[in-house]
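*Asks:* Structure of the sequence below:
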Amino acid sequence: SVQETTLGDGDIVRLGASFFVFRGRTVEPQLLAASPALPGVHTLVGAHHMQLARLARVATTTIPVLLRGETGTGKEVLARAIHSASGRKGPFVAVNCGAITPTLIESQLFGHVKGAFTGAAADRRGMFELAEGGTLFLDEVGELPVAVQVKLLRALQEREIRRVGENRSRAIDVRVVAATSRPLEQMVEDGEFRQDLFYRLAVMPLHIPPLRARREDIAPLAEHPKIERWREEMSAGEFWSSVGEDWIRERRPA
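*Replies:* Predicted coordinates:
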């Protein structure tokens, strides 16, 4: 057994069923929130805090944001925080591009008119129109077919869309926040993702590290009221296993 060791800030020590987080320095309470402009987003990691502060400064602009990170790292939570801080009066609309079949994704994003294809029995608004005046969150944007990428690029450049089967264009006022867990640069090299669209989306890129890479955040997050129920349902063994191993998917409150 280990009788003597050196502890670093954020290290977790288990004594029986109890866990203790070692703090080698005083943590300023104001660091718990990335910025007053991004409510609900918390971190104690200096580098991540600086990235979030930069993001808060552009939240009120129309600059496209690209959130990058593994599945489950809270990209949609951060996208919602950006929308809340933006001051935009329209809704926050989220769509998982990887969860919709390639044949339907164009209609889902841009809408369609009656008779545009088999089964199109009536005119239908797409996600862009539903997000008018607000924010459209495109999760797993790397899953978009190349043909749909062309229409997305045009929507971002011209700020207008055209429903499937329609001849006229419709002006839009939508802020786009995209997210991906895939290496888009490699996809560009492989011809799977348009380079011009990549640069258009990645004006403000942000990498979100997984919780296992920022263990300083585990204790404060575990004390957050919204996570109280999850913490109570989790056994000591489950907690120790979670903080001691690489997580396949991040924990989040129910």
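*Asks:* all strands of the stretch 151-254 of the chain, in order?
*Replies:* For the stretch 151-254 of the chain, applying DSSP state E, counting those that start in this stretch gives strands covering 160-161, 170-171, 175-180, 204-207.
*Asks:* Serialize those to JSON lines and add fields for mean pLDDT and distance to E106.
*Replies:* Glycine gets a C-beta too; all of them are placed from N, C-alpha and C. Listed next are the strands of the stretch 151-254 of the chain as JSON lines, based on pLDDT from 0 to 100; distance: least, CB to CB, whole Å:
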{"stretch": "strand 160-161", "mean pLDDT": "97", "distance to E106": "11"}
{"stretch": "strand 170-171", "mean pLDDT": "96", "distance to E106": "15"}
{"stretch": "strand 175-180", "mean pLDDT": "96", "distance to E106": "16"}
{"stretch": "strand 204-207", "mean pLDDT": "86", "distance to E106": "26"}
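*Asks:* Minimum distance to P64: which of these has it?
*Replies:* For P64, the closest of the strands of the stretch 151-254 of the chain is strand 175-180, at 5.2 Å, according to CB to CB.
*Asks:* if we can go back for a sec, out of the strands of the stretch 151-254 of the chain, nearest to Q186?
*Replies:* Closest among the strands of the stretch 151-254 of the chain, once you apply CB to CB, is strand 175-180, at 11.5 Å.
*Asks:* related to what we said a few turns ago, I'd like the strands of the stretch 151-254 of the chain as JSON lines, with distance to Q108 and mean neighbour count appended.
*Replies:* Shown next, in JSON lines, are the strands of the stretch 151-254 of the chain (distance: least, CB to CB, whole Å; neighbours: other CB atoms under 10 Å):
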{"stretch": "strand 160-161", "distance to Q108": "12", "mean neighbour count": "18"}
{"stretch": "strand 170-171", "distance to Q108": "16", "mean neighbour count": "12"}
{"stretch": "strand 175-180", "distance to Q108": "15", "mean neighbour count": "26"}
{"stretch": "strand 204-207", "distance to Q108": "25", "mean neighbour count": "16"}
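*Asks:* Same list (those strands) but as TSV, adding distance to I105.
*Replies:* Formatted as TSV, the strands of the stretch 151-254 of the chain follow (distance: least, CB to CB, whole Å):
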stretch	distance to I105
strand 160-161	14
strand 170-171	18
strand 175-180	14
strand 204-207	23
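*Asks:* wait, which of those is closest to D190?
*Replies:* Closest approach to D190 among the strands of the stretch 151-254 of the chain (CB to CB): strand 175-180, 14.5 Å.
*Asks:* now for the strands of the stretch 151-254 of the chain, which one comes closest to I100?
*Replies:* Short answer: strand 175-180, nearest of the strands of the stretch 151-254 of the chain by CB to CB, at 15.0 Å.
*Asks:* Which one of the strands of the stretch 151-254 of the chain lies nearest to L67?
*Replies:* strand 175-180 (4.2 Å).
*Asks:* and A85, how many neighbours?
*Replies:* By other CB atoms under 10 Å, 20 other residues sit near A85.
*Asks:* Would it be right to say that it lies in a strand?
*Replies:* No: assessed by DSSP: H, G, I helix; E, B strand; the rest coil, A85 does not belong to a strand; its assignment is helix.
*Asks:* For it, which non-adjacent residue is spatially closest?
*Replies:* Spatial nearest neighbour of A85, chain neighbours left out: A59 (3.9 Å); criterion: CB to CB, 6 or more residues apart in numbering.
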